[in-house]
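Asks: Sequence and computational prediction follow.
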Amino acid sequence: MSRLLIISNRLPLNVERKGDKLNFQPSLGGLATALGAFYKSRPSLWIGWPGIEQEKIKKGEEREIEDKLAEERCYPVFLSEKDVDDFYFGFCNQTIWPLFHYFPHYVEYDPVLWQAYQRVNEIFADAIVSVAKEDDIFWVQDYHFMLLPKLIRDRLPRATIGFFLHIPFPSYEVYRLLPWRREILEGLLGANLLGFHTHDYVWHFLNSTRNLLGYSTGMGWITASDHVSKADVFPIGIGYEHYSSIAGSPEVDAEIKKFREKLGDKKVIVSVDRLDYSKGIPNRLEAYGLFLEKHPEYREKVVFILVIGPSRIRVQRYAELKQQIEEMVGTINGRFGTVGWTPLEYIYNPIPYHALLGMYRMADVCPITPVRDGMNLVAKEYLATKIDGRGVLILSETTGAARELGDAIMVNPNNIEEIAQAFADALAMPEKEQIERNRAMQEIIKRYDVSRWAGDFIDKLHETVKMETGAVPEPLPDKTRRELTGQLQKARARLLLLDYDGTLVPFAKTPEEAKPDAELLKLLSELNKDARNEVVLISGRDKNTLDRWFGSLKTAMVAEHGVWMKVKGGDWGKMSGLSDDWKGEARAIMQLAVDRIQGSLIEEKDYSLAWHYRRADPRISERHIREIVNDLLNLTANSNLRVLEGSKVVEVKSANLNKGSTAQHWLSRQAWDFVLAIGDDVTDEDLFRALPEKAWSIKVRPGLSAAKFSLDSPDEVRALLKELV
Ligand code: GDG
């Protein structure tokens, strides 16, 4: 089994200075807990920052830290105070975090912080390479290291690299605000596989990639110029069995007993968050106040324990938030409290594990109200501790967890009245209903627990790499070339399916300039003369152009990607059931593009419209092109039309018109004992995929393809065809 290298900002073990000594403590927080058991179950190494700045480490202590961490299969990357400030507290938590959680007004756009982000990602890349061995698998975690996949790829081109984002990926309109948006996407795309918590995040990521980098995306695959990556959904889970078994342990029983001695039989509401503005804590408190106001019958009968884990307090926004929360707690307690009853118990301290589980198990209600949250593990942990099934989860619809936990009471985190009402509904919910809802949700989180999450990700990563390797055809080797010509010589019925533009002739500035030269016409004519050969020119062009160029050869042809076909020596016949009543609207969009982008033009065929921009100023922004493609995609959504992007051309046409169905038509005309297809762009991929197993297929120019082999240029294609003559 190959070794897994996990890379995250923090290690599962955290180093602190206690006077003269170093203190090693397990890290709090979702990731360490989540991946802890998984990484120990296989050969692995965890690489991260140990939590202490270089300036605080004395001579000789670096070694001590390394040795101690090595026992836990961890490897530290040391950072200076400035790096920690500008990278972690700076770019990570004052730029990426607020932007990705839809707080654009909190974002710092500071080039100095961006430089620190680049620098620390480079430091990590170098450290990783220094310990990496051949066959290692790299799994980069989270928003701190979005440049790292590419930096590792630059150093180790054949590496297997996965990336997982634990926070939301925001919608394109928000993401595009970032000045360094392209660099970050390119950085991420160094990974073979990119994981997200929900389909929305994947969709947002693909949308941004298309719009900002112009890469094509389909079925989650992103095709860049020289490689592909896959984006997919892996909703993180928790160690369900672990939580539910510890929740029933005597240690947790003892914790609950202690709490009950203080709380009596009051109804208990518990919430647990890291201090963060994304967690919607002020909204929750406001709603609790409103609930107490509207439902005096619950006064003195309910206690809300608000647990907040200290976090990022060095960032001004967090310090301000803490102050705001504390003021609100004071106001609510002052307004509603009585002698002997504090409506809100506020704890700003990490809670020991057994006490935390005791609180969860004891809580009648757990309100989770983030304004944004990638997933939210507390919701799942709360449910896992509900051994007897009782308790009510209130969950904000803007958490990733809401996608899985549909039986919670769902709230809009900005609707204070709704949250207040949810408190009342939760406290009044019949036990039978609580149990039914919780059992259903428990099934979900039990099935997809954290080891399944990590295991699935790694399996998918291997699968992705395998598919990618199979997806780049090898250049046609000499030996295979001889085999191909040998087979052709022996065959009596030979089908040659040849794409035209980019395959038999190089691209020209205008469609008209790409007309065939004398050499090509001679070559095709010679091929066509042999009665055993059926040469089919397959083109997206209109039939009149093809007739003008090749009419005298009497060769078989397919025009407009399959609208028109003619057999050797025959006449044009049309595919049935096509309509062109959509053209007006598509033409209007393309006309707008022609008006805006000088040198671009519309080509109109009977059943398709194509917008060419090869002749446009090469500096036209990719963004303009993306906007036009998006408009066409919106127009054709849920219709029987397809938008196809070729090389500097965007075409709209009927979905059942493609080279795949054309190929099938020719293949079924008779039994062939030799089939060869050659093509160069995306439209030819349908053709390659439609071929029988034994057929020969060649993609022109290197790149991803369903073809078996590749050739470099139209010149090479002609050389091969000459050999076939
Ligand atoms: C990020 C994403 C995503 C908290 N206080 C105490 C304590 N905790 C533990 C909880 C839970 C974890 O910390 C918090 O996890 P969350 O998922 O709620 O939130 P983030 O830290 O923001 O995590 C988030 C997650 O990554 C995983 O992908 O779900 O959306 O923002 O495990 O139990 N644990 C103890 N005492 C505390 O006081 N023992």
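Replies: Good, I have the coordinates.
Asks: how about the helix or strand of the chain with the lowest mean pLDDT: buried residues?
Replies: The weakest-scoring helix or strand in the chain, judged by mean pLDDT, DSSP states H and E, is strand 216-218 (a mean of 74). Residues of strand 216-218 classed as buried under the neighbour-count rule (16 or more other Cβ atoms under 10 Å) are Thr217. Just so you know, the C-beta spots here come from the backbone N, C-alpha and C atoms, and that holds for glycine as well.
Asks: got a pLDDT number for Leu69?
Replies: At Leu69, the model reports a pLDDT of 96.
Asks: so it sits right up against Asn14, yeah?
Replies: No: between Leu69 and Asn14 there is no contact under Cβ atoms under 8 Å: 10.3 Å.
Asks: residues shared between the contacts of these two?
Replies: Any residue near both Leu69 and Asn14 by Cβ atoms under 8 Å, 6 or more residues apart in numbering counts here, and that gives Pro50.
Asks: From Phe507, how far out is the closest residue to Val649 other than its chain neighbours?
Replies: Closest residue in space to Val649, ignoring its immediate chain neighbours: His612 at 4.9 Å, by Cβ to Cβ, 6 or more residues apart in numbering. To Phe507, His612 is 11 Å away according to Cβ to Cβ, to the nearest Å.
Asks: Now list whatever residues contact both of those two.
Replies: Common contact partners of His612 and Phe507 (Cβ under 8 Å, 6+ apart): Lys648.
Asks: Kindly provide the distance from the spatially closest residue to Glu16 that is not a sequence neighbour to the ligand.
Replies: Leaving aside its sequence neighbours, Glu16 sits nearest to Asn23 (Cβ to Cβ, 6+ apart; 4.6 Å). Using Cβ to the nearest ligand atom, to the nearest Å, we find Asn23 at a distance of 17 Å from the ligand.
Asks: Tell me the secondary structure at Asn23.
Replies: Following DSSP: H, G, I helix; E, B strand; the rest coil, the label given to Asn23 is strand.
Asks: now Glu534: how far from the ligand?
Replies: Taking Cβ to the nearest ligand atom, one finds Glu534 at 57 Å from the ligand.
Asks: now do Gly569
Replies: Distance from Gly569 to the ligand, by Cβ to the nearest ligand atom: 66 Å.
Asks: phi, psi of the closest residue to that residue other than its chain neighbours?
Replies: Among residues not flanking Gly569 along the chain, Lys554 sits closest, at 4.8 Å (Cβ to Cβ, 6+ apart). Here the main-chain torsion angles of Lys554 (degrees, to the nearest 10) amount to phi 60, psi 30.
Asks: likewise the one 5 residues further on?
Replies: Backbone geometry at Ala559, expressed as degrees, to the nearest 10, gives phi -110, psi 160.
Asks: can you count the residues close to it?
Replies: Residues lying near Ala559 (other Cβ atoms under 10 Å) number 24.
Asks: Next up, the contacts around the closest residue to it other than its chain neighbours.
Replies: In space, and not counting its chain neighbours, Ala559 is closest to Lys543: 3.8 Å by Cβ to Cβ, 6+ apart. Neighbour list for Lys543: 557, 559-560, 564, 572 [criterion: Cβ under 8 Å, 6+ apart].
Asks: ok, 10 Å please
Replies: For Lys543, the contact set (Cβ atoms under 10 Å, 6 or more residues apart in numbering) comprises 551, 557-560, 563-566, 572, 574, 605-606.
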